[in-house]
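In: sequence and computational prediction follow.
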Amino acid sequence: MRTLIYLFIGILFGITMFKSEAASWFRIYEMFKFESFHMYGIIGSALVIGIIVVQSIKRFNIKSFYGEPIKFNPKNKSVPRYMFGGIIFGLGWALAGACPGPMFTLIGAGYLPILIVILFAVFGTFLYGLLKDKLPH
Amino acid sequence: MNWIYEPWSWYISGPMIAFIMFLLLMVGKNFGMSSNLRTLCTICGAGSKADFFKFDWKTQKWNLIVVLGAIIGGYIGSHYLTSDMIVTINSNTVADLKTLGFESAGTAYLPTELFGTNALLSIKNIFVLAIGGLLVGFGARYAGGCTSGHAISGLSDLQLPSLIAVIGFFIGGLTMIHFIFPLIF
């Protein structure tokens, strides 16, 4: 049952990524050119509602559908890790025109060259795992 | 219901993303897609090379199922819910892209120059896709999250680290498009 719920949420996510055009390389390029409000509207409105949702869950102690407390994982405090990691991610996001969610959506949409992006994203993650202790965090 | 077949405007898409994050929270999970890349490394046996990959991947099975759903969703979205696969971007953006050699700008969902069937005949295109993927995978894990984990989940939780990461995303993206694109395209 829970598996079906995750699958349903994923399908909803995939449809949203495709239909919103957040999975389009062109939209990412346009966003970084500041030539359209579209992507800012998507992220901005998701964020405003997201803040209201998360703060309400915390304020009113809302429990999950299964009656368990909802946990948030605060991120470790640091600057270099988020700044350097973020910049590297941003370079790749603009070049490949896809972040880790939409990448998978694009397989379903039938754009097979995206498999190269995914394969190397897995490899990049592997490289990070190997170099982790040598990087400033 | 015709709006479903049109491109979804931001004020439908953004709230949908927030709703997806809400659903995941309500089933006791957190919204974050790039952690799946780490799980895939572990499944491939990366645990023998680095401790970072030593964890029970089955605890992340739920997220892989979300990924499977995202693939199916991409299929449904493109095959059944879209009548016109053209992404209508700003005409200035189209003109810019044409000078860079992206003739498909304004006529396709993805640039056929990079994602078309013939794109893989070019070594340069394979390089572009590979380097792009590599940077996304490395950067997402270094930063501890991607667009979903930081820009949506983390910022919704008012996490300062996520704000730093998102600022980094934009420094990287702007640098790529304004300074590096003219050199490579």
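Out: Cool, the structure landed. Numbering: from 1, shown residues only, chains lettered A, B, ... in the order given.
In: so does the helix or strand containing residue B:113 get close to chain A?
Out: Taking DSSP states H and E as the definition, one finds residue B:113 inside helix B:112-115. Yes - Helix B:112-115 reaches chain A (Cβ under 8 Å from any Cβ of the partner chain) through B:114, B:115. C-betas here are computed from N, CA, C, even on glycine.
In: residue B:169 reaches residue A:92, doesn't it?
Out: No - Residue B:169 lies out of contact with residue A:92 (Cβ atoms under 8 Å); the separation is 9.8 Å.
In: for the nearest residue to residue B:62 once chain neighbours are set aside, what are its contacts?
Out: Nearest residue to residue B:62 in three dimensions, chain neighbours excluded: residue A:6, at 4.9 Å (Cβ to Cβ, 6 or more residues apart in numbering or on different chains). Residue A:6 makes contacts with B:27, B:29, B:62, B:63, B:65, B:66, B:69, as judged by Cβ atoms under 8 Å, 6 or more residues apart in numbering or on different chains.
In: ok, the first one to chain A distance?
Out: Spelled out, it's residue B:27. The gap separating residue B:27 from chain A is 6 Å, by Cβ to the nearest Cβ, to the nearest Å.
In: name the SS class of the closest residue to residue A:78 other than its chain neighbours, please.
Out: Using Cβ to Cβ, 6+ apart and skipping the chain neighbours, the partner closest in space to residue A:78 is residue A:137 (5.9 Å). Three-state call for residue A:137 (DSSP: H, G, I helix; E, B strand; the rest coil): coil.
In: residue A:137: neighbour count?
Out: Applying other Cβ atoms under 10 Å in any protein chain shown, we find 13 residues neighbouring residue A:137.
In: that one reaches residue A:79, doesn't it?
Out: No - the criterion here is Cβ under 8 Å, and residue A:137 misses it with residue A:79 at 10.0 Å.
In: the helix holding residue B:113 - contacts with which helices or strands?
Out: If you count contacts as 3 or more Cβ pairs under 8 Å, 6 or more residues apart in numbering or on different chains; DSSP states H and E, helix B:112-115 packs onto helix B:123-143.
In: how far away is the residue nearest to residue B:62 from residue B:8?
Out: For residue A:6, the distance to residue B:8 (Cβ to Cβ, to the nearest Å) stands at 23 Å.
In: could you do residue A:85 as well?
Out: 30 Å.
In: and what of residue B:64?
Out: From residue B:64 across to residue B:8, the span is 26 Å (Cβ to Cβ).
In: ok, the two, which is more surrounded?
Out: residue B:8 (21 against 17).
In: ok, the more buried one to residue B:111 distance?
Out: Distance, residue B:8 to residue B:111, by Cβ to Cβ: 21 Å.
In: related to what we said a few turns ago, dump the helix holding residue B:113 to CSV, keeping only the CA atoms.
Out: Only the C-alpha atoms of helix B:112-115 are listed here, as CSV (Å, rounded to 0.1, in the frame of the first residue of the first chain):
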residue,chain,number,x,y,z
THR,B,112,17.3,18.7,-30.6
GLU,B,113,21.0,19.7,-31.0
LEU,B,114,21.7,18.1,-27.6
PHE,B,115,18.9,15.7,-27.0
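In: contacts for that helix next, please.
Out: Here helix B:112-115 has contacts from A:25, A:97, A:106, A:111, A:113-114, B:101-104, B:118-119, B:125, B:128-129, using Cβ under 8 Å, 6+ apart.
In: which secondary structure elements does the helix ranked longest in chain A contact?
Out: Of all segments of type helix in chain A, defined using DSSP state H, the longest is helix A:38-59. Using 3+ Cβ pairs under 8 Å, 6+ apart, the elements in contact with helix A:38-59 are helix A:25-32, helix B:10-26, helix B:155-156.
In: next, the buried residues of that helix.
Out: Across helix A:38-59, burial judged by 16 or more other Cβ atoms under 10 Å in any protein chain shown covers A:38-39, A:41-43, A:45-47, A:49-50, A:53-54, A:57.
In: how far is it from where the chain is centred?
Out: 14 Å (Cα atoms, centre = their mean, to the nearest Å).
In: quick check: mean pLDDT of that helix?
Out: For helix A:38-59, the mean pLDDT works out to 98.
In: my read: residue B:18 touches residue A:54, true?
Out: No - using Cβ under 8 Å, residue B:18 makes no contact with residue A:54, being 9.6 Å away.
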